[in-house]
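# sequence plus the predicted model coming up.
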Amino acid sequence: MTRPLTFAIPKGRILDEALPLLAQAGIEPEAEFHDQKSRALRFATNRPDVSIIRVRAFDVATFVAHGAAQIGIVGSDVLEEFDYSEIYAPVDLDMGHCRLSVAEPEGLADEDEAAMSHVRVATKYPYLTRRYYEARGIQAECVKLNGAMELAPSLGLSRRIVDLVSSGATLKANGLVETNVIMQVSARLIVNRAAYKMRSAELVPLVEAFRKAVGGKDAA
Ligand SMILES: Nc1ncnc2c1ncn2[C@@H]1O[C@H](COP(=O)(O)OP(=O)(O)OP(=O)(O)O)[C@@H](O)[C@H]1O
Ligand SMILES: O=P(O)(O)OC[C@H]1O[C@H](OP(=O)(O)OP(=O)(O)O)[C@H](O)[C@@H]1O
C-alpha cells in the first residue's frame with residue numbers, strides 16, 4: 001500500500017476555521033488531535049489514506065513545497081512571501097480573512113512617501129515589504145520579527161511595521177494606525193505540484209471535495 005497522504009494544517013488561528021471545512025471534505029482527525037495536553041504532531045484521521053500534521057503557519061508552505069506533505073492549508077500572505085514554484089494553490093477557502101498592512105504611530109503617519117528614499121520596517125514579511133516599497137522607489141530595511149511587531153515603534157526598533165490586520169484592535173491597543181494596505185489575505189488549499197501529478201488519483205478528488213465544500217470558488 002502507498003503511504004498515506006500527509007495533510008499539513010497550521011496550529012494557529014486558522015485551525016478553528018479549518019476543522020469544519022476538513023470535516024465537510026470528509027476528513028476528521030483522531031480524538032488525540034483535540035487533546036490540548038498531547039505532544040503529538042502527526043495524527044491519523046477517519047481515512048486510512050490521509051494523516052494530518054499540525055505545524056506553524058509558515059512551515060505548512062515549507063513542508064508542502066518540499067513534498068514532505070502533499071497537501072495543506074495556508075494563508076495567501078505566507079504563499080506570497082515565499083512564492084514557492086512547487087506549490088499549486090487551486091482553492092480559495094474563503095476563511096482567515098485579513099490584510100497585510102503598513103502601520104505607524106498615530107500622529108506620525110502623515111509623512112509624504114514621495115519624499116522618502118529609505119524606510120526601516122519591523123515585519124514577519126521582509127520579501128513582501130521590500131517588494132511593496134521597491135515599487136514606490138523606496139529602499140526598505142527590514143527587521144525580522146516573528147510576532148508582536150506592534151511593540152517595535154514604541155521601543156525604537158523601527159518607526160513602521162508591516163503586519164496582518166483584521167479588526168484593527170491590536171493596532172489600536174498599541175497606539176498605531178493603518179496607513180496602507182499591501183494585500184488582502186485569505187486561506188488557500190495548497191498542493192505539491194509533483195505530487196498532484198504522481199498521486200492524482202488521490203489528490204484530485206480531495207481538491208474537488210474542498211472546492212465543493214466552499215461552494216465551487218476557484219483561487220484568484
Ligand atoms: N488577525 C487575523 N485575522 C484573520 N486571519 C489571520 C489573522 N492573523 C493571521 N491570520 C491568518 O492566519 C495565519 C496564521 O496566523 P498566525 O501568525 O497567528 O499563526 P501561528 O500559527 O500562530 O503563527 P506562528 O505560530 O508561526 O507565529 C496567517 O498566516 C494569516 O493567513
Ligand atoms: O487586527 P486584529 O484583529 O487585532 O488582528 C491582528 C493581529 O492578529 C495577528 O496576530 P495573532 O493574534 O494571530 O498572534 P501572533 O502575534 O502570535 O501572530 C497579527 O499578527 C496581529 O497581531
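Happy to help now that I have it. Numbers count the residues shown, from 1 in each chain. Ligands and ions are numbered 1, 2, ... in the order given.
# and the strand ranked longest in the chain, is it in reach of ligand 2?
Counting by DSSP state E, the longest strand found in the chain is strand 176-185. No. Judged by Cβ under 6 Å from any ligand atom, strand 176-185 stays clear of ligand 2, getting no closer than 8.8 Å. Every C-beta, even on glycine, is put in place using the N, C-alpha and C of the backbone.
# so how far is the following helix or strand past that strand off the chain centroid?
For strand 176-185, the following helix or strand on the C-terminal side (DSSP states H and E) is strand 187-192. Centre-to-centre, strand 187-192 and its host chain are 10 Å apart (Cα atoms, centre = their mean, to the nearest Å).
# over to stretch 45-60?
In terms of Cα atoms, centre = their mean, the centre of stretch 45-60 is found 15 Å from the chain centre.
# tell me if it is near ligand 2.
No. Legend: contact between stretch 45-60 and ligand 2 by Cβ under 6 Å from any ligand atom is lacking; minimum distance shown is 8.2 Å.
# who touches that stretch?
4-12, 14-15, 26-30, 33, 41-44, 63, 69, 72-75, 78, 81-82, 190, 202, 206 (Cβ atoms under 8 Å, 6 or more residues apart in numbering).
# for stretch 203-220, same thing?
The contact list for stretch 203-220, computed with Cβ under 8 Å, 6+ apart, reads 5, 21, 24-26, 50, 70-71, 89-94, 188-189, 191, 195-196.
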